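> Model the structure of this input:
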Amino acid sequence: MELRQLSYFVAVAEELPFGRAAAKVRIAQPALSNHVQALERELGCAQFIRSTRRVELTRAGEIFHERCVGILSEVDLSAEITRAVAGKTIRQIRIGTVYPATTGVLPAFLAKIARKYPDIRIHISSGNTGDIIRGLENGQINLGFIRPVENIGSLRFSSIAHERYLLAVARTNPLAGQGEIAIDDLRSERIIAFNRKNLSYTERYFNEKFEEYDLTGNIAYSCDDTYSLVSLVSAGLGHRLCAGMDRGPAEPGLRAQGGQGHRLQDRAWRCLEQGGPDRFAR
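The predicted model follows:
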């Protein structure tokens, strides 16, 4: 079994069908099919289910794909480490990041890397915290920017930034002019929330608070992306809680205090957690 065969298999598993994978690895499709068939014979089991309409991985193929990705990533990392030990410059860093960090801490971090290591290539991929942790564990990425998690396994992490929580309101809403917004001010208001398969740590946290303060019934709209949420708030259809780096694009109809909206300070949120004054500080 050769590394080249593994890379061909990974290309097919990720691109599907064979034609697109062949273009990616720059070999003829019949040659690629031959490599994959030889690999299946060596493994003694089928890795793909082939039909006239589509090609998909078998369960064995899914497991083998995960292992191959890890093996190939480890080979690449080993080569980079060897070059570094020999005094050669590391050529590429693969970074995984949650979306908010791409407009927050990541640009400043990349600027420092670029100044210190101008010849390094950096590849950035976006995903949720779970995806990034899995990428780190299987070697697909070298560094990740994530939100807090309860269990990060054997990975090492360091806290690099703290976010403020915000309450976004439309410019035309009376709440936009208030210095403080109490929890009771939201009881007659419509709330816009995330509703998607893989909620982030912050999104789950907000949902828990909605339940704790009996505001779940106030959720009038739900979305699965930040852009839609901001647009709905801007149109005056409701309010949204968000983390400081997760505000999304600026909208003309969105009330912004100091350009960034009503601030839900960390201390105010802690008061809510501890049963203290139910007030959102601006």
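> where along the stretch 151-282 of the chain do the strands fall?
Assigned strands in the stretch 151-282 of the chain, in chain order: 165-170, 180-182, 191-194, 219-223, 240-243, 254-255, 262-264, 279-281 (criterion: DSSP state E, counting those that start in this stretch).
> for those strands, which one sits closest to Tyr201?
Distance to Tyr201, taken as Cβ to Cβ, is lowest for strand 240-243 among these, at 9.4 Å. Just so you know, the C-beta spots here come from the backbone N, C-alpha and C atoms, and that holds for glycine as well.
> Export that closest one to PDB, keeping only CA atoms.
Once non-C-alpha atoms are left out, strand 240-243 reads as follows in PDB (Å, rounded to 0.1, in the frame of the first residue of the first chain):
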ATOM      1  CA  ARG A 240     -31.100  39.200  19.100                       C
ATOM      2  CA  LEU A 241     -28.500  38.400  21.700                       C
ATOM      3  CA  CYS A 242     -25.000  37.900  20.300                       C
ATOM      4  CA  ALA A 243     -21.400  37.600  21.200                       C
END
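> Packing partners of it?
Using 3 or more Cβ pairs under 8 Å, 6 or more residues apart in numbering; DSSP states H and E, the elements in contact with strand 240-243 are strand 165-170, strand 191-194, helix 201-212, helix 226-234.
> Pull out the buried positions in the last one.
Buried positions in helix 226-234, judged by neighbour count with 16 or more other Cβ atoms under 10 Å: Thr226, Leu229, Val230, Ser231, Leu232, Val233, Ser234.
> all helices for the stretch 1-150 of the chain, in order.
In order along the chain, the stretch 1-150 of the chain carries the following helices (DSSP state H, counting those that start in this stretch): 3-15, 18-25, 29-43, 59-85, 105-116, 129-137.
> Noted, bye for now.
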